[in-house]
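A.B. asks: Here is a sequence with its predicted model. Questions after.
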Amino acid sequence: MNLYSLTIMDHYHHPRNVGKLDGATHKADEVNTSCGDKTRFGLRVENDKLKEIKHETRGCLVAIVSASVLSEKIIGKSTKEIKEMKAEDLMALIGMELTTSRIRCAMLPLLAIQKALKGGG
C-alpha cells in the first residue's frame, strides 16, 4: 500500500472534525439520493472566515474521506473562497481519481458546506 492510500484510509478510519458544532453560525444537510450518502455540517464563521467546522457523515469511503479532508483544508479560508470551490478544486484536495458516479459522493460535503454558507439548510 502506498502513502497516498494510507492517507486516504487514515481519513476513512479516523475522520477529522466529526461531531456536532455547538454555536454554529451556519448549518446544512445534504443527501445523495442515488446512493444514500448523508452529511450534516455545522460551521462557525467570523469576519467572513471559517473558524471552526464539524460534520456528521454517513456513507461510502469517498463521502467520508471527502468530508474529513475538506473539513481540514478549508479552516481559515474566506467564505468567498469556499463558495467558489468547484469539483476540480475538491479532487485536487482529496487526491483521488474518481468515476463520474463517485464524484457525486465526493461533492456531497462541499455542496452541504456551500449550502450552509448561502443560508440554506
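C.D. replies: In hand now; what should we look at?
A.B. asks: which residues of this structure fall in strands?
C.D. replies: 26-31, 38-46, 49-58 (DSSP state E).
A.B. asks: Of these, which is nearest residue 114?
C.D. replies: Evaluated over those, closeness to residue 114 peaks at strand 26-31, with 8.3 Å, by C-beta to C-beta. In short, each C-beta sits where N, CA and C put it, glycine included.
A.B. asks: re the thing from before, out of the strands of the chain, nearest to residue 95?
C.D. replies: Using C-beta to C-beta, those put strand 49-58 closest to residue 95, at 18.1 Å.
A.B. asks: what sits against residue 11?
C.D. replies: Taking C-beta atoms under 8 Å, 6 or more residues apart in numbering, we find residue 11 in contact with 64-65, 68-69.
A.B. asks: Can you tell me which of those residues are buried?
C.D. replies: 64-65, 68-69 (16 or more other C-beta atoms under 10 Å).
A.B. asks: Please enumerate residues in contact with the longest helix along the chain?
C.D. replies: Secondary structure of the chain per DSSP state H: the longest helix is helix 100-117. By C-beta under 8 Å, 6+ apart, the residues outside helix 100-117 that reach it are 26-32, 34-35, 37, 39-43, 45, 53, 55, 57, 59-60, 62-63, 65-67, 70-71, 74, 79, 82-83, 85, 87, 90-91, 94, 96, 98, 121.
A.B. asks: what about dumping the CA coordinates of that helix to PDB?
C.D. replies: Only the C-alpha atoms of helix 100-117 are listed here, as PDB (Å, rounded to 0.1, in the frame of the first residue of the first chain):
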ATOM      1  CA  THR A 100     -18.400  10.300 -12.600                       C
ATOM      2  CA  SER A 101     -20.800   8.500 -10.200                       C
ATOM      3  CA  ARG A 102     -18.200   8.700  -7.400                       C
ATOM      4  CA  ILE A 103     -17.600  12.400  -8.000                       C
ATOM      5  CA  ARG A 104     -21.200  12.900  -6.700                       C
ATOM      6  CA  CYS A 105     -20.200  11.200  -3.500                       C
ATOM      7  CA  ALA A 106     -17.100  13.400  -3.100                       C
ATOM      8  CA  MET A 107     -19.000  16.500  -3.900                       C
ATOM      9  CA  LEU A 108     -21.700  15.900  -1.200                       C
ATOM     10  CA  PRO A 109     -19.700  17.600   1.700                       C
ATOM     11  CA  LEU A 110     -18.800  20.600  -0.500                       C
ATOM     12  CA  LEU A 111     -22.400  21.000  -1.600                       C
ATOM     13  CA  ALA A 112     -23.500  20.900   2.100                       C
ATOM     14  CA  ILE A 113     -20.900  23.500   3.100                       C
ATOM     15  CA  GLN A 114     -21.700  25.800   0.200                       C
ATOM     16  CA  LYS A 115     -25.400  25.500   1.000                       C
ATOM     17  CA  ALA A 116     -24.800  26.400   4.700                       C
ATOM     18  CA  LEU A 117     -22.800  29.500   3.600                       C
END
